[in-house]
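Asks: after the sequence you'll find the predicted model.
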Amino acid sequence: LNLIIMYRKSAVLLSLLSVVALAAAAFDPASYTGGSKTLNVNYKVYWRTDSSNIYLALDSASTGWFGFAIGESGSGSMPGADFVTVQFDNGVASVVDRWNDQFGLPKVDCSQDWTLVNFERANGRSIAEIRRPLNTSDTQDRPIVAGPTRILYAWGDSQTPSYHGDNRGLDAIEFVSSGYVLPPLPSDGVYADFLMPNVSVPTSETTYACKSFPLPSDRPYHAVSVQALVQPATSVPYVHHFIAYLCKYENTNGNYPKIYENTVGTCSSPIGVSTSGCSMVLYVWASGVGELRMPPEAGYPIGPNTNYLVLEVHYNNPSGTMGIVDNSGVRVMYTPTIRANEAATLVMGDPLTQFSPLAAAQSNLHTEASCTSTCTSNWPHDINVIGSFLHMHQHGKRMWTSHWRAGQRLPDINRVDFYSYHLQQLTRTNVVIKKGDVLNTHCMFDTTGSSSSVIFGINTADEMCMNFLSYWPRLYFPNNRNRTANMCGFMSSTSTICGDAGGVFINGANPSQTDPVEDRIVNYGQFKPGCTATPSTSAAPPPVNVGTNPTPTNTKVAAAYA
């Protein structure tokens, strides 16, 4: 009996200590030594990490639920994101670990890995302090890794998650440092701004608009830095993303520098259009993307042969808001000091849109194209790939480029399992492609919404399958520096385009080898039979142990996005 009484007294004491600890755990912004970021006037996030966990404080102006998500690195789309929602039951806060593979209410995870450490509401703000292991080894979660992480956030007025409307956003945060330092800028660099000229944002939900700008052309220069210029108060909610292309003005039909020189007009992407005059993707911006800075060894050529920049802006205005004026664009630094190597763009996959049409009403159509060993063996030298831009149109579902050397599989150049035409991005890479390597570009499509076959072509309603690799040194044709080998991919099932649109064709099967069918399977969000999920409730706060960020051994990176 005495033992029972002692046990009950101890339990009461522990319970009281927990209440005291919880009450004493008032939100302390200074404890979040990793950093903080204002994502929106209605949403701010604080973070820190130690060797095992990530700790977040989500600060929202919402009167109801709010959520946060780790997105797929190459997309940031809602499908493929790993969510946590803060929600309420009779005023009691809880967090729910969720995942999603489609648009709509995220599904509840089988394993609840987020813990609610502390919750408080004051002065019209709700603050939820939460924690989770950096890597849960759960296929319904995404690990927190070194480098920029795509994040999503949303909020609403109801007590549990419901459709958020315009109350959502996309950004990027580096929770765990990669340890990389940006290369220095040249002392003789000159800045030039290329901005949309007081564009009235259309009231339609989706608009693509283009404007061309002349570049210095009196002599050769190298572009060595590009950064976005956006207006947080007005433009950010309506500028979904934009792409800057390097182009050449020609007095011909279809030339983008000519068409959009004196006006802003609706447009489709110039990528893959042989008459557009645009051969290189210079920069891609979406919320959270920082500066692109070239390594000291290389720069993008501008001057007499690359004399225009074309800016393609995706405006997003789902509420049809009127009176929004945009002046977003890019700031480019260029230098008259020509660097040892020129950067360029190489197109893999289906550069000339030669794939056979896609059958209608199919959900998992697959194409594969090789940049063959025979082609890369003909290159004058190896190349350093600093960025990859995966490009399909609106039926695109999944895309990746595999990398083979002497029969051995190397890490993929780039992969997106939840592709979105509206969330394309230039992904930083640090890859060397050697002479003799094989690269297979795969695209998967969903045509269930089409009643007729879909052709490959230049129109938005058509399809494409192209991986644009930003690289250096530039692959000039042997004995002809006026021509660049800017294509390596499918021409037909029996030939490869290996050169430029003027034509260097190599006979032989394409694809030259077939990658495993297992590559087409997405390793995210698999259903686990028999699992149950219980929302986490408030818990005593963990000790504040900042520790050190796990930083991998740093290797030389050819370019960086701050």
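Replies: The structure has been received and is ready for your questions. What you are looking at is a predicted structure, and each value in this text was computed from that prediction instead of being measured. Numbers count the residues shown, from 1 in each chain.
Asks: alpha carbons only for contacts and neighbour counts from here, please
Replies: Noted.
Asks: for the protein, which spans come out with low pLDDT?
Replies: Applying pLDDT under 70 to the chain flags residues 1-25, 232-234, 272, 288, 479-482, 502-503, 527-562.
Asks: which residues in it form helices?
Replies: 2-24, 256-259, 373-377 (DSSP state H).
Asks: and the last one, how far out from the chain's middle?
Replies: The one in question is helix 373-377. Relative to its chain's centre, helix 373-377 lies at 30 Å (C-alpha atoms, centre = their mean, to the nearest Å).
Asks: for burial, what's the neighbour tally of Cys465?
Replies: Cys465: 32 surrounding residues under other C-alpha atoms under 10 Å.
Asks: measure the nearest residue to it once chain neighbours are set aside to Met348 for me?
Replies: Nearest residue to Cys465, sequence neighbours excluded (C-alpha to C-alpha, 6 or more residues apart in numbering): Met392, at 5.1 Å. Using C-alpha to C-alpha, to the nearest Å, Met392 is found at 12 Å from Met348.
Asks: got the contact list for Gly74?
Replies: Arg415, Val416, Gln424, Gln425, Thr427 (C-alpha atoms under 8 Å, 6 or more residues apart in numbering).
Asks: would JSON lines of the residues you listed with neighbour count and distance to Phe242 be doable?
Replies: As requested, the contacts of Gly74 are arranged in JSON lines below (neighbours: other C-alpha atoms under 10 Å; distance: C-alpha to C-alpha, whole Å):
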{"residue": "Arg415", "neighbour count": "21", "distance to Phe242": "21"}
{"residue": "Val416", "neighbour count": "21", "distance to Phe242": "19"}
{"residue": "Gln424", "neighbour count": "23", "distance to Phe242": "9"}
{"residue": "Gln425", "neighbour count": "25", "distance to Phe242": "9"}
{"residue": "Thr427", "neighbour count": "20", "distance to Phe242": "14"}
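Asks: looking at these, which is nearest Gly457?
Replies: Gln424 (18.5 Å; C-alpha to C-alpha).
Asks: ok, for the closest one, nearest residue in space, not its chain neighbours?
Replies: Closest to Gln424 by C-alpha to C-alpha, 6+ apart is Ser75, at 6.5 Å.
Asks: what's the spacing between that neighbour and Arg428?
Replies: Distance of Ser75 to Arg428, computed by C-alpha to C-alpha: 13 Å.
Asks: of these two, which one has the most company?
Replies: Taking neighbours as other C-alpha under 10 Å, Ser75 and Arg428 compare with Ser75 leading, 24 against 21.
Asks: you'd agree that one is up against Phe418?
Replies: Yes - using C-alpha atoms under 8 Å, Ser75 is in contact with Phe418, at 6.8 Å.
Asks: circling back: for the residue nearest to Cys465, give me phi and psi.
Replies: phi -130, psi -180 (degrees, to the nearest 10).
Asks: residue contacts, Thr484?
Replies: For Thr484, the contact set (C-alpha under 8 Å, 6+ apart) comprises Arg474, Leu475, Tyr476, Phe477, Gly499, Asp500.
Asks: what sits opposite the nearest residue to Val45 once chain neighbours are set aside in the beta ladder?
Replies: Nearest non-adjacent residue to Val45, counting by C-alpha to C-alpha, 6+ apart: Leu58, 4.8 Å away. Counting by DSSP bridges, Leu58 is bridged to Val45, Ala128.
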